[in-house]
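Q: Pasting the sequence and the predicted coordinates here, then a few questions.
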Protein chains: 2
Amino acid sequence: MNIGDVAALSGLPAKTIRYYEDVGLVKPLRSTNGYRTFRESDAHKLAFLGRSRALGFSIEDCRNLLALYEDEKRASAEVKDIAEQHLERIDDKIAELKEMRATLAHLVDACAGDHRPDCPILADLATKHRGEEQLKNTAL
Amino acid sequence: MNIGDVAALSGLPAKTIRYYEDVGLVKPLRSTNGYRTFRESDAHKLAFLGRSRALGFSIEDCRNLLALYEDEKRASAEVKDIAEQHLERIDDKIAELKEMRATLAHLVDACAGDHRPDCPILADLATKHRGEEQLKNTAL
DNA sequence: CTTGACCTTCCAGTTAGTGGAAGCCCTAGA
DNA sequence: TCTAGGGCTTCCACTAACTGGAAGGTCAAG
């Protein structure tokens, strides 16, 4: 299979597949004309990578997951560990976004959004908030 | 004020402030020794930037917000528009993360996480899912 | 033989900084 | 007066995970 074929099969752009080779996630063979030649196993790996990335795993996570996948003697605990850490990162990110969202939604709501210059959004951004006092002189 | 002073006041790292100058968000003066000299207005801008960034606005959004902030004849609608678009991006991101989270939580839950190799997480990543069929030959 | 679709490599750009090196500047203390 | 420190300067490289584009080789069809 050439790169276009695995791209179609895996749903990944050819550019991305070349990049994955660059970072050592797949190691396709080369035919005499210099074209990459992908085996079934490579196509399978790429699909695995596509799904892992879709779940938000980092490239490094993917590398580890792939290694575990190929290791018959793995302990599922190792996989679960990676997944749980990722889950935690996701939860943190969601919490962060929700907080931004709440503040922003409140401000947007308060803004008339008309031709006049008065704007609670800008007013808020221009104002020091609680807990934002910086670097009070600790000594003296 | 030197950069260390505005850094303390705004809560931004000096590196970040230099970067903001690089991309044209602030234009501090220079004293004869080459040091950046920040006016009150610069310190104020930097605080504004810090708060905008904390709400997740991109640098380009910040640039536009700052311009609006300084424009006495702005229409609040323009500000609101930027904020609403950002809100939408946040909502999209939250939705995406929640979907990942749901899938991942389900898989983590199903995984024993012990010394055995059997792992529903890997099994899932290795399996083609509904709607994942690629590029069926449209012609013929 | 030419056209067009593939394929190759390499370079640059994206976001928003961060880390580090090499080297001034300035002040306080011995 | 010398020196040590902390602060300041610039510049270069690196991060994550690609993506776009240029220049050019390969191959099958007409």
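A: Thanks, I have the structure now.
Q: could you pull out the helices for chain A?
A: A:3-10, A:14-22, A:40-54, A:59-70, A:76-110, A:120-125 (DSSP state H).
Q: Output these as JSON lines; include the columns distance to B:Lys73.
A: To be clear about C-beta, it is placed using only N, CA and C from the backbone, and glycine gets the same treatment. Supplementary listing: the helices of chain A in JSON lines, determined by distance: least, Cβ to Cβ, whole Å:
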{"stretch": "helix A:3-10", "distance to B:Lys73": "52"}
{"stretch": "helix A:14-22", "distance to B:Lys73": "46"}
{"stretch": "helix A:40-54", "distance to B:Lys73": "47"}
{"stretch": "helix A:59-70", "distance to B:Lys73": "48"}
{"stretch": "helix A:76-110", "distance to B:Lys73": "21"}
{"stretch": "helix A:120-125", "distance to B:Lys73": "13"}
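Q: how about the residue nearest to A:Asp118 when sequence neighbours are not counted, what does it touch?
A: Distance criterion Cβ to Cβ, 6 or more residues apart in numbering or on different chains; nearest residue to A:Asp118, sequence neighbours excluded, is B:Ser76 at 6.1 Å. Residues near B:Ser76 by Cβ atoms under 8 Å, 6 or more residues apart in numbering or on different chains: A:111-119, A:121-122.
Q: Return the members of the residues you listed classed as buried.
A: Neighbour counting over the contacts of B:Ser76 (16 or more other Cβ atoms under 10 Å in any protein chain shown) leaves A:111, A:113, A:117, A:119, A:121-122 as the buried ones.
Q: Return the distance of the residue nearest to A:Asp118 relative to B:Leu55.
A: Counting by Cβ to Cβ, to the nearest Å, the separation of B:Ser76 from B:Leu55 is 17 Å.
Q: do A:Arg30 as well
A: With distances taken as Cβ to Cβ, A:Arg30 is found 49 Å from B:Leu55.
Q: same question, A:Leu122
A: 12 Å.
Q: Buried residues, stretch A:8-21. List them.
A: Those buried within stretch A:8-21 under the rule 16+ other Cβ under 10 Å are A:9-12, A:16-17, A:20-21.
Q: So for that stretch, mean pLDDT?
A: Stretch A:8-21 carries an average pLDDT of 97.
Q: Leaving out chain neighbours, which residue sits closest to A:Leu87?
A: In space, A:Leu87 is closest to B:Leu104, 5.2 Å off (Cβ to Cβ, 6+ apart).
Q: give me the low-pLDDT residue ranges for chain A?
A: A:133-140 (pLDDT under 70).
Q: please redo it, this time with the cut-off set to 50
A: A:136-140 (pLDDT under 50).
Q: And the residue of it closest to DNA strand C?
A: A:Gly4 (2.7 Å; Cβ to the nearest atom of the strand).
Q: Now do the same contact list for that residue.
A: Counting by Cβ under 8 Å, 6+ apart, A:Gly4 has contacts A:Ala14.
Q: Same question for A:Gly50.
A: A:10-12.
Q: Mind checking which residue lies nearest the centre of chain A?
A: Centroid-nearest residue in chain A, with Cα atoms, centre = their mean: A:Gly56, separated by 4.4 Å.
Q: list the buried ones in stretch A:51-71?
A: So for stretch A:51-71, counting by 16+ other Cβ under 10 Å, buried means A:51-57, A:61-66, A:68-69.
Q: Share the number of residues neighbouring A:Tyr35, please.
A: For A:Tyr35, the tally of surrounding residues (other Cβ atoms under 10 Å in any protein chain shown) stands at 14.
Q: I meant to write A:Asn33 there.
A: A:Asn33 has 6 nearby residues by other Cβ under 10 Å.
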